[in-house]
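K.L.:
starting from these lines, generate the structure:
(4 chains)
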There are 4 protein chains.
Amino acid sequence: MSKSQAKKSAPASSSSSAPAITNVLAERYASSAIKAIWSPTGRVGIERDYWIAIMKAQRDLGIDIPAKAIASYEKVKDQIDLASIDARERVTLHDVKARIEEFNGLAGYETIHLGLTSRDLTENVEQLQIHRSLAVIRQKAAAALLGYAKRAKQFRNLLLTGRTHNVPAQPTTLGKRIAMFGGEMLAAFTHLDELAARYPARGLKGAVGTQLDQFTLLGGDAKKVARLEAKVLKHLGFSAALNAVGQVYPRSLDFEVVSALHQVGAAAASFATTLRLMAGQGLLTEGFQKGQVGSSAMPHKMNARNCERICGFSTILSGYVAMTGALAGDQWNEGDVSCSVVRRVALPDAFYAIDGLLETLLNVLNQMTVFPKVIAAESARNLPFLATTTIMMAAVKQGAGRETAHAAIKEHALAAAAAIREGREPGMVERLAADERLGLKEATIYNILQDTERFVGAAPAQVDTFVETARATARRVKGASQIKPGKLL
Amino acid sequence: MSKSQAKKSAPASSSSSAPAITNVLAERYASSAIKAIWSPTGRVGIERDYWIAIMKAQRDLGIDIPAKAIASYEKVKDQIDLASIDARERVTLHDVKARIEEFNGLAGYETIHLGLTSRDLTENVEQLQIHRSLAVIRQKAAAALLGYAKRAKQFRNLLLTGRTHNVPAQPTTLGKRIAMFGGEMLAAFTHLDELAARYPARGLKGAVGTQLDQFTLLGGDAKKVARLEAKVLKHLGFSAALNAVGQVYPRSLDFEVVSALHQVGAAAASFATTLRLMAGQGLLTEGFQKGQVGSSAMPHKMNARNCERICGFSTILSGYVAMTGALAGDQWNEGDVSCSVVRRVALPDAFYAIDGLLETLLNVLNQMTVFPKVIAAESARNLPFLATTTIMMAAVKQGAGRETAHAAIKEHALAAAAAIREGREPGMVERLAADERLGLKEATIYNILQDTERFVGAAPAQVDTFVETARATARRVKGASQIKPGKLL
Amino acid sequence: MSKSQAKKSAPASSSSSAPAITNVLAERYASSAIKAIWSPTGRVGIERDYWIAIMKAQRDLGIDIPAKAIASYEKVKDQIDLASIDARERVTLHDVKARIEEFNGLAGYETIHLGLTSRDLTENVEQLQIHRSLAVIRQKAAAALLGYAKRAKQFRNLLLTGRTHNVPAQPTTLGKRIAMFGGEMLAAFTHLDELAARYPARGLKGAVGTQLDQFTLLGGDAKKVARLEAKVLKHLGFSAALNAVGQVYPRSLDFEVVSALHQVGAAAASFATTLRLMAGQGLLTEGFQKGQVGSSAMPHKMNARNCERICGFSTILSGYVAMTGALAGDQWNEGDVSCSVVRRVALPDAFYAIDGLLETLLNVLNQMTVFPKVIAAESARNLPFLATTTIMMAAVKQGAGRETAHAAIKEHALAAAAAIREGREPGMVERLAADERLGLKEATIYNILQDTERFVGAAPAQVDTFVETARATARRVKGASQIKPGKLL
Amino acid sequence: MSKSQAKKSAPASSSSSAPAITNVLAERYASSAIKAIWSPTGRVGIERDYWIAIMKAQRDLGIDIPAKAIASYEKVKDQIDLASIDARERVTLHDVKARIEEFNGLAGYETIHLGLTSRDLTENVEQLQIHRSLAVIRQKAAAALLGYAKRAKQFRNLLLTGRTHNVPAQPTTLGKRIAMFGGEMLAAFTHLDELAARYPARGLKGAVGTQLDQFTLLGGDAKKVARLEAKVLKHLGFSAALNAVGQVYPRSLDFEVVSALHQVGAAAASFATTLRLMAGQGLLTEGFQKGQVGSSAMPHKMNARNCERICGFSTILSGYVAMTGALAGDQWNEGDVSCSVVRRVALPDAFYAIDGLLETLLNVLNQMTVFPKVIAAESARNLPFLATTTIMMAAVKQGAGRETAHAAIKEHALAAAAAIREGREPGMVERLAADERLGLKEATIYNILQDTERFVGAAPAQVDTFVETARATARRVKGASQIKPGKLL
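P.N.:
So this is what the prediction gives:
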């Protein structure tokens, strides 16, 4: 904290009356699972476990740390007093040192952090936060896949006007449209899944990555140094580790993490964007939460606010992609802290954002309400235009020339469209039936239009394939099927 | 706040034991001036003043609001209880409604927010926060100009090896180098200054921007509607207003604001980057704060951590540029809230970041310590190479042919450089003095090298011009010369 | 150009059969005005004029350059042979040197570029390209303002369903909606206008910005150096110049330029996005160009392809914002060429993109076709919902209690909305007329609904204000009213 | 192409004299392998092969396409006349239609593109371009890994001053530093490798993704439709395909592709940045190409221009990440062309940029020249500071108290550092030897300092591990070891 205009205002640290400004993404949107990982309290807890694990390993390898000391640290490790740590930092101006002093003060020993540089602590702890967060997000993304699958199956055969350029193009089904967006999530999930599986830890590498201080501590015994690191990595739960690093792990790895989150978020945003479009046509609503108060002036107004929020989160993630993308490639020598403040912001906030996004998505998938009658009315308006190819082929079967039929239908389509634009009824079917060149009765045409199955091609089969794949994918993710969306603010 | 895995965890709202996660940018880096504008408490205060101003204006224009009601609101307006507002929002799921209910509850009346849509409140209040923040940042940027000017003047004549491609190129002075970066800040300041001066408010425009509800409230009297808005804008302190808006003001305006902040931050980052380079050469240090503890293992190590932090803040700002740049151009119809969560994050956080950056910059400008002897030693190593043109012309005056002299000098420069790379003394002067083609004595060459003034061209004069311009600019900014940098964490 | 797999392929330079890959933005979308500034030929032309101007100024100041030499350069300056220059560069591996040699070769002299470093040429020439391009874009943006004004005026009173969250919210007019987007363009124009007016040149500053080589050339006479630079700046047409620069001008200035272009593009993209939404509702079309072939399968389909393209250009610009935003703040010492390849891409391509965007926008503004009947039908569907406040007040006048009326209307609105969602007629007016609590006849309600003027509030007046401002702004921009949009590909 | 100011200038299309503006990234930097994939000519060739493959498959499945027609198309497929296609597009204003007409015109048939929508062509062809380009980039990234491995091995034991915060921190080896950056490339390669292996094609899905037109064409036979698509995918060489798509494949996939390229580029940029820093210290040079002309004024100046260029390419890639990141999540319904112009720019240009970057990197790895004597001199200056821990432990062995020794050394380190900053000799060893508290002779200390192996910890072993992993990785990539860097411009 800093202050300008020293005369006017006391330093913020002393103004105990002003409540701290909270992190909006964490406090308004993120779930407790992610918050527990990234909260200051959560982080201190992870750090202390990590220090204790290192002490135990160092002791096992012959370094002179009394068992009693370790026991003392273990006893006090849950006494996390952020205010006290904060006060220490305002003296030392060094955050890691403040947390070391606090833990030592509580335990009455000074045997943590032996042979460690600050980054031996912070890099690994932050990677652990990332690793655990990836697991949480992976689980929720898998839960979202199940949500898409459920809805795709539900609306597998519901005829819908497919749109390109936002105007009617060809028929599809609502289930197919949902499967399409689910398919985008599936592709994003694959990247996330691969990344979580191979995400490597930096390990205990020392100030410039050569492990010099551990070498010194362990009498230059390379094997012991390697065993120490292996024990620590096992404690952290990593299956992969980086080999030759400097003070820091490569920041392009942070970029891949945040990019993978954006990819997941973008998949959701495509879906949310189309729901916003459909809500504007009155075809569906994203649903209301219980107790939610709509507009008092317009009580019937059903805004796609959660879908808008999903799009907002996706935009936020693109900003953290930019931040981490700018850190990537900018390492100087063995590393420095020009990335520090950026990572303090971008990493937790990106996870809060994707978590809030997925919570919102799970809610939408759970609550969305479709209006099949409105969708059917839209289809009825559009089908005569969309079915022209089929009608033409029926005319040809009746003996019409292909080119003649094509010309006739084009003429009527243009006329019907013009009628709509002038506020008249299109009368497309009537126009077609009245044209002797086609030789089709009105009833025949209506029969064609009612046989909607023929207009949707592979859509239902694609839904089936998606549902199967999504479920198989989610089955590989422990706990995914138990995820329930939280209540949104 | 939302939660997954309903069974495992209680809703975050009820877990009163977990301290809220704070906003790192605000709490670690920003000054109280900016925090006061953007803190939840600060915002509620601004809102209440705004509601009261509207009530007064509405009453003046004949709307039936009792004076007693207004007095009641005024009496309670400083009773800001965020927890109570938060609890209300968790019921209504609507943040503005929660704050209305709270204020009404305190006052015992329901006469605020008459004829207003939520955005009539939030857009104008957020613009006011932006407008006031721009003023704070403008003041600090002006203070930074004074800091650059002071340092540029101090080192106006200190010969320095100018570098291009990070290798020695031509002599300059340290003051000139500082003036160069100050000049970048000056250009950025100009944009910020113009923007702050013309930044326009949305005004009281209603749900879709037509002022319909105020028309209804004021009996369809367009003049009264206009007078109401004018009074409100005057209260807000805006000199410019937008005319035809929808529910929201154009988001490309947010983009310009954040871009202008990035421009200011980037100017500082260019300076900080070069200080980091110079620190790596041992030419200077950014300085230590009093009480700051250096590395215990390497007590003499003077890290340019604050300069690194400035670069970090600049990277952060580029991320908020990306977020607001993505909102710009994405308005749907009269507006929606897909930008809401983005702006909740990007706007305050961008101001916290630029504020923290400028606080850091002011500290660096204040504390930086230059090592003239080290700079001089570097110059001595490089000058024989950098002065070759001058030496050649001296040789020509002594009768050497120009092309001959050029070839001779090139030969020696390459040989001297090769010597350095092989760990030998370059002996450039000796080589030149020994070459009969040039006809120059060693003493003559050393004389040339010692007359350093001739190598710096317009540098000192440019410093003078910069100092003058910077001071004149800062004089236009009230309070700029009183700004003192706060203590950094 | 480089190549891998040396055995398989000859160097690209020798494969004369493969046509060069063209710049898509330039060749598909940009106008000849912008292309003439940034094309290699155009650039060489600007450079040669610049060199000649410097020679003349140097000669005036006493440097020994024969008049005959200058005449020789002037004679050959239009003989621009890119292939020859290219061949020279493949030998020297230095682009500026190649262009110097070519010009010297043509003229038979070697008197250009005296005392100049490469950047004395390239920085100023590129700034000149930017400066001239800003003028072109400023003119087209002003022309767009006229286009918005024309359309806003045309549809000043056309009642339209205003939308928030993409669902019907309150009535507005189409003219007002267009004025709203025009207002966004106006705000962006203001930044562009200010920037173009103050854009400062780097000037003739030498290798590290100290003007050393010009000092040497002009015998150390500071006044002559200043006069030389002033003459050159005058030739370039700049009214402002930077003072203390290094080898390069501050890259944060490039960022401001590209940001200003994105701001203009974003304003257009907001408009285009809403047109895409409206086209999806069938309310209007962006228009067809003469001769344009629609979909043969669906001849009536009117895709908003140009509006989509505008959004695409805006996205492209956000990418160049990212590139120049990353260069900003990253200067090392007096400068280097890590920005070179970035600026070769981002600067011309940003101008091609904004130029193509504005060309497209001018076309859309020119060709868009509105379907008032469809708009009216939409209004008719929505007005009974949107007019509830007015209807309630009519009921109160007839003696109904306010709360009673409010409850009754809310009941009917929800029922009517539910009916729509179930595929039935809403019958809102009938429901209201049948409710004795309100005491309103069907005819009375229809009368209210037909008096549409009362629903649009300040919309027409806002249109008038916008039109006036837009026209006044455009009048200040020479040639803006003569701009005609080119034919799009 | 479009034009403004119709009176002044003829349409660009007719100005045959003006040479087309070329794509800088392609023509200056990219290799022929990538250019062949993305050039207009290359693309037309891919398209024609694709059309022919579809015709053959359709004929196999019973559609009435004469063998003679197919033969005719095959005969003319290499007659690619871009000017003719261009002229057609200026009539139809539809690029795909123009290319269809051209091919039909050449062959004298109209049997291509049966039942295809434009996107059935363009999506798959563009994905094929991406797929093939990924293979090229993967090969060059693997070649770069070999380059890092070679250099890491070469300098495995060369003692180097490791730096954090850009100031000396602890010893390392140059080989270890190179392995560190190689390790970053290895991590990026892994993502690229996984992505290339699973990259899925959209397939032949029709206008809204339901394959309706192929169903119609193949008599509603779902199996035949599936077989047709399978044959086409096999022709394209894809092993994976998307299932439920709309008109387009998910744009978040483009984002992953470009992100993966940025990740690779960033790994190179970290390396290049540190080389630029080292060049500034005179420790090495990136090398000169044969024939390259240095600065004539300063012939010994060795600029790290290629390394700067690598950083520039990385910045460019971050811009294309921004563009594709903005497209991701923005799909409307089954798709539109708002992404079209963006992808026309961002996809090829991102591949040109990464290709140019890798070509540059391969050159640098090939040509870099290290100055061991300069590196050794730097180490000699720094070692007395960096070796303090070791010296302290030697003193303790001699009987000094640990705390006493620590205090003594700290005192001397600060004094020696102060001496350096004041331009005096640090005399660190002398100071230490003279201090009786430590009890160490000067010779003892020099012995410690000369035994450099003990200061580099695990560095050499890390090099070995990296070299082994890099080579094993590259062995999996066909052709990687044959890649030779092309000549740079």
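K.L.:
C-alpha only now, for contacts and for neighbours.
P.N.:
Noted.
K.L.:
just the strands from the stretch 301-450 of chain A, written as ranges.
P.N.:
A:369-370 (DSSP state E, counting those that start in this stretch).
K.L.:
enumerate the residues of it near chain B.
P.N.:
Within the stretch 301-450 of chain A, the positions adjacent to chain B are A:305, A:307-313, A:315-316, A:318-323, A:326-327, A:336-342, A:344-345, A:356, A:359 by C-alpha under 8 Å from any C-alpha of the partner chain.
K.L.:
give me the number of residues near residue A:301?
P.N.:
20 (other C-alpha atoms under 10 Å in any protein chain shown).
K.L.:
longest helix in chain A, please.
P.N.:
In chain A, taking DSSP state H as the definition, the longest helix is helix A:118-154.
K.L.:
which residues in the stretch 151-300 of chain A form helices?
P.N.:
A:174-198, A:212-217, A:222-236, A:251-280 (DSSP state H, counting those that start in this stretch).
K.L.:
would you single out the least confident of those?
P.N.:
Of all the helices of the stretch 151-300 of chain A, mean pLDDT reaches its minimum on helix A:212-217 (a mean of 90).
K.L.:
could the C-alpha coordinates of that helix be exported in CSV?
P.N.:
What follows is helix A:212-217, C-alpha atoms only, in CSV (Å, rounded to 0.1, in the frame of the first residue of the first chain):
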residue,chain,number,x,y,z
LEU,A,212,23.6,-24.9,-5.3
ASP,A,213,22.3,-24.2,-1.8
GLN,A,214,20.9,-27.7,-1.4
PHE,A,215,24.2,-29.1,-2.7
THR,A,216,26.0,-27.1,0.0
LEU,A,217,23.5,-28.2,2.7
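K.L.:
who are the packing partners of it?
P.N.:
helix A:222-236 (3 or more C-alpha pairs under 8 Å, 6 or more residues apart in numbering or on different chains; DSSP states H and E).
K.L.:
you'd agree residue A:51 is up against residue A:113?
P.N.:
Yes - with contact defined as C-alpha atoms under 8 Å, residue A:51 counts as touching residue A:113 (6.5 Å).
K.L.:
ok, those two, which is more surrounded?
P.N.:
More neighbours surround residue A:51 than the other of residue A:51 and residue A:113, with 22 against 17 (other C-alpha under 10 Å).
K.L.:
can you give me the distance of the residue of chain A positioned farthest from its centre to residue A:386?
P.N.:
What lies farthest from the middle of chain A is residue A:436; by C-alpha atoms, centre = their mean that is 57.3 Å. Relative to residue A:386, residue A:436 is positioned 21 Å away (C-alpha to C-alpha, to the nearest Å).
K.L.:
re earlier: give the buried residues for the longest helix of chain A.
P.N.:
The neighbour-count check on helix A:118-154 (16 or more other C-alpha atoms under 10 Å in any protein chain shown) flags A:118-121, A:123-153 as buried.
K.L.:
over to stretch A:471-487?
P.N.:
Under 16+ other C-alpha under 10 Å, the buried positions of stretch A:471-487 are A:471, A:473-474, A:477, A:480-481, A:483-487.
K.L.:
wait, does it contact chain B?
P.N.:
Yes - Stretch A:471-487 lies within reach of chain B by C-alpha under 8 Å from any C-alpha, at A:482-487.
K.L.:
so which elements touch the longest helix of chain A?
P.N.:
With 3+ C-alpha pairs under 8 Å, 6+ apart as the test, helix A:118-154 has helix A:32-38, helix A:40-60, helix A:174-198, helix A:340-367, helix A:459-475 packed against it.
K.L.:
what does the last one rub up against?
P.N.:
The reference is to helix A:459-475. Applying C-alpha atoms under 8 Å, 6 or more residues apart in numbering or on different chains, the set of residues contacting helix A:459-475 from outside is A:142-143, A:145-146, A:149-150, A:152-153, A:156-157, A:172-173, A:175-176, A:179, A:182-183, A:186, A:480-481, D:209-210, D:243-244.
K.L.:
now the buried residues of stretch A:471-487 as CSV including distance to residue C:257?
P.N.:
Compiled in CSV, the buried residues of stretch A:471-487 are given as follows (distance: C-alpha to C-alpha, whole Å):
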residue, distance to residue C:257
A:471, 50
A:473, 48
A:474, 48
A:477, 48
A:480, 48
A:481, 51
A:483, 48
A:484, 48
A:485, 45
A:486, 45
A:487, 45
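K.L.:
identify the farthest-apart pair in those residues.
P.N.:
A:473 and A:487 (25.9 Å; C-alpha to C-alpha).
K.L.:
quick one, domains of chain A?
P.N.:
A:32-107, A:118-149+A:165-201+A:250-287+A:301-371, A:387-455 (automatic domain parsing).
K.L.:
between the helices and strands packed on helix A:118-154, which gets nearest to residue B:30?
P.N.:
Going by C-alpha to C-alpha, the one of those nearest residue B:30 is helix A:340-367, 12.5 Å.
K.L.:
counting by contacts, list what the worst-scoring helix or strand of chain A on mean pLDDT packs against.
P.N.:
Each helix and strand of chain A was given a mean pLDDT (mean pLDDT, DSSP states H and E); the minimum falls on helix A:388-397 at a mean of 86. With contacts taken as 3+ C-alpha pairs under 8 Å, 6+ apart, helix A:388-397 sits against helix A:402-421, helix A:442-450.
K.L.:
name the residues of it that are buried.
P.N.:
Neighbour-count burial for helix A:388-397 [16+ other C-alpha under 10 Å]: A:388-396.
K.L.:
likewise for stretch A:442-462?
P.N.:
Neighbour-count burial for stretch A:442-462 [16+ other C-alpha under 10 Å]: A:445, A:448-449, A:452-462.
K.L.:
out of those, who's nearest residue A:27?
P.N.:
residue A:462 (39.6 Å).
K.L.:
okay, the closest one: pLDDT?
P.N.:
On the pLDDT scale, residue A:462 gets 98.
K.L.:
any figure for the gap between it and chain C?
P.N.:
24 Å (C-alpha to the nearest C-alpha, to the nearest Å).
K.L.:
again with residue A:101
P.N.:
Distance from residue A:101 to chain C, by C-alpha to the nearest C-alpha: 37 Å.
K.L.:
got a list of what that residue touches?
P.N.:
Residue A:101 touches residue A:88, counting by C-alpha under 8 Å, 6+ apart.
K.L.:
fine by me, we can end here.
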